[in-house]
Structures are given as structure tokens and as C-alpha cells.
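Chemist: Need a 3D model of the following:
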Amino acid sequence: MDAKASLGSIQKAVWNGKLPLHITLAASESRTFDQTDPYLISYSRISYLPSLLPRLRDFFASSLINPTSGPHEGWFSFEGVPLKWHYPIGLLYDLYAGADPASKGGTDTDLLSAADEDPLPWRLTVHFSDWPDEELVRLDAEGMVMHDAFINSVKEADFLRNGTAKGIMTLSKEDSAGLWRAVRDVDLPSFQRISNILLPPPNQPFRNVPIRFFLPLPPDSDSPSLKVVQSPIPPVIQPSSAVAASTMNVAASQSVMAAARGAPQTQTVGSALHALLPNLFPSRRTPVLAKPVLHGAAVPMGAPVEELVRCSAYGDGWVYVVVRMMG
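Modeler: Here you go, the predicted structure:
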């Protein structure tokens, strides 16, 4: 199998990934308190929770104390923590509920090796009142808030990849709306058609890689907090000695440059984490204190970050990696 076909098969597996969800109506909003039947569904990891609200509103309609609430007034929580609706479901699960995935030896084919024992189904609570305004932006009945948040995230990724957001800005209105519909409906062929307009061809490297690292932090209060680490990460590491040598006198500079001149190195998940979080990742090759997790699987430290984006990004073009402490 050639590299392009291999990346394509990984992307297909990512888009086929699903989570079983067990969703109950908040007891305080139910006529029958805790006797309301749960809503059970196997839902795509790349999807967003607000897409479930219309069917959940219909399912729980007869149980609602306030029957006038609309689907867009719904929000979700897990163990009392409001869930950010602009994050994909797969990322939310990896952040708050995912079991510790075992590393399988570090080969690229292990990217999608799922943990054997996940706390599934994921048990969520849906609310249709008491919106947590301090933590979540309100949705609208037309779905434009969700659409605009998604497109803005696509623009950020496009700018990092190309140094400009011209690609997404020049998309036709039909394609711009179609990109969101493809993610919402988990329509990979339609998504690929539009996404390929935005992505540089394989022989043209990204300017920077759209990747974010999430660090769950110990709770300072009643709810967990998160730290998001992001920095421009080029797909290739240039020899660092060139920068240091430029500050020396000419003779010394020429000597150092001649001795240390080497070929650029591919930026890997390990090298990026070592640069951004050296205390957690003292080694570029081996996870010692923490491990990177993506789509519920431990990511090999040697995985090239550009390839990771091309085959394993979420629908908005970003790779969202959760840092999981070991031991």
C-alpha cells in the first residue's frame, strides 16, 4: 500500500469512529425526575453535540417541565461539567472520560489502536434550561452560531497551513456551507472534495501545522480545568545551529556552520511535544511521564505531524491531541 492510500485508509477509519452515548434528561427538568428513559445512540466522534439537540428535544418532549424550550436552548454536561459545544465529541470524550490507551510499540499503524476497556457508553446529561452563560456561548435557533464557530476554526487552520486564509475565504458560498454539512452529516466523500481545495498538495509542505495540545489540570475548584498549548509548528525542523552561528564572528560562524550543517529533519509528534512541553516530554522518542492521545488512541511519538493532520484531523482541519499522564 502506498503512502497516499495508507493515509486515506486512516482518514476513513477516523471518520468511521463512533462513541456509544447514554443521554439522560436533567432530573430537575423532568416531570418524572429520574425515571425518564435514556436516549441511546452510537454517534460519530468527529460530530458536534448540538447536532443531537433536535432529536433529543423531540425524544424528551413529553417529560419536560418546560415544554416551550427550543432545541437550541439545549446544552450538555458530564459529571456536572458543562461541555464546550464547539469541540468535537471525540475530543470531549478523550478529555473527560477516555480510558488510558495502551501504547502498542510505537509504529504508525498503531495510531488507531483503541483502548481495550473504555468507560462506555459515555453517560451525558442534556439540559434545556439554566444555560451556563459564564462557560458557554448561547446557540441560536437557525444554527448559525455553530456554523460560524466551525468556519472560523477552519479559517485558523487554513491560515496556519498556508500563511493565508485565502483558500477558505475564496470558497464558494455553496462549498463553505457544504463543508459544514459534510462534517455534520459525516459525509466523507463530500468533505474530501471540498477539503482538497484547501489542503496544499502532498508535494507542497504546510507552512505550519494546525495542532493543539490539551492538558487536563488538577481541579482548583469543583470542576476540572484545561490548558490548551498551541504554537506555530513547522513540518520540518531546520538545523538550529544556523541561528546560533549567525551571532558569532565570521570565522567562528563558518567553522560551526561547516561542522553542524545537516539536512532538515521531519517534525514529529515527539519533537513538537519536546519543544512545547519539555518537562512532560524530556524525550522526543519515548513517552516517559505522559503520552499523546488522539481519537482515543496513543499516538506514536515518531508520527510526522504533517501526515497526522492530513489523515487524522477533525473536520475543521485541526489535530486535537490530549496529553494523558502516565502511571
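Chemist: all contacts plus neighbour counts: C-alpha atoms, from now on.
Modeler: Will do.
Chemist: The lengthiest helix in the chain - what's its average pLDDT?
Modeler: What stands out as the longest helix in the chain, according to DSSP state H, is helix 144-162. Mean per-residue pLDDT for helix 144-162: 95.
Chemist: One more: stretch 200-217?
Modeler: Model confidence over stretch 200-217 averages 90 on the pLDDT scale.
Chemist: which residue ranges form the helices in this protein?
Modeler: Taking DSSP H as the test, the helices found in the chain are 3-16, 53-59, 89-96, 144-162, 166-169, 173-184, 188-198, 241-245, 250-260, 269-276, 305-312.
Chemist: rewinding a little: which residues make contact with the longest helix of the chain from outside it?
Modeler: When contacts are taken as Cα atoms under 8 Å, 6 or more residues apart in numbering, the neighbours of helix 144-162 outside the stretch itself are 50, 86, 139, 164-169, 176, 180, 198-200, 206-210, 232, 316-318.
Chemist: Measure how it sits relative to helix 173-184, angle-wise.
Modeler: When axes from the mean of the first three to the mean of the last three Cα atoms, to 10 degrees is applied, the directions of helix 144-162 and helix 173-184 differ by 100 degrees.
Chemist: List the buried residues of helix 144-162.
Modeler: Burial within helix 144-162, assessed by neighbour count using 16 or more other Cα atoms under 10 Å, is assigned to 146-147, 150-151, 153-162.
Chemist: Can you tell me which of these is closest to Ala303?
Modeler: Within the buried residues of helix 144-162, distances to Ala303 taken as Cα to Cα reach their minimum at Arg161, with 17.9 Å.
Chemist: Could you check how far the closest one is from Ser153?
Modeler: Distance, Arg161 to Ser153, by Cα to Cα, to the nearest Å: 13 Å.
Chemist: hmm, back to that, show me which of the contacts of helix 144-162 are buried.
Modeler: Applying a neighbour-count criterion of 16+ other Cα under 10 Å, the buried members of these are 50, 86, 139, 165, 167-168, 176, 180, 198-200, 206-210, 316-318.
Chemist: Skipping its backbone neighbours, what lies nearest Val323 in space?
Modeler: Once its chain neighbours are removed from consideration, Val323 has its nearest residue in Pro292; the separation is 4.8 Å (Cα to Cα, 6 or more residues apart in numbering).
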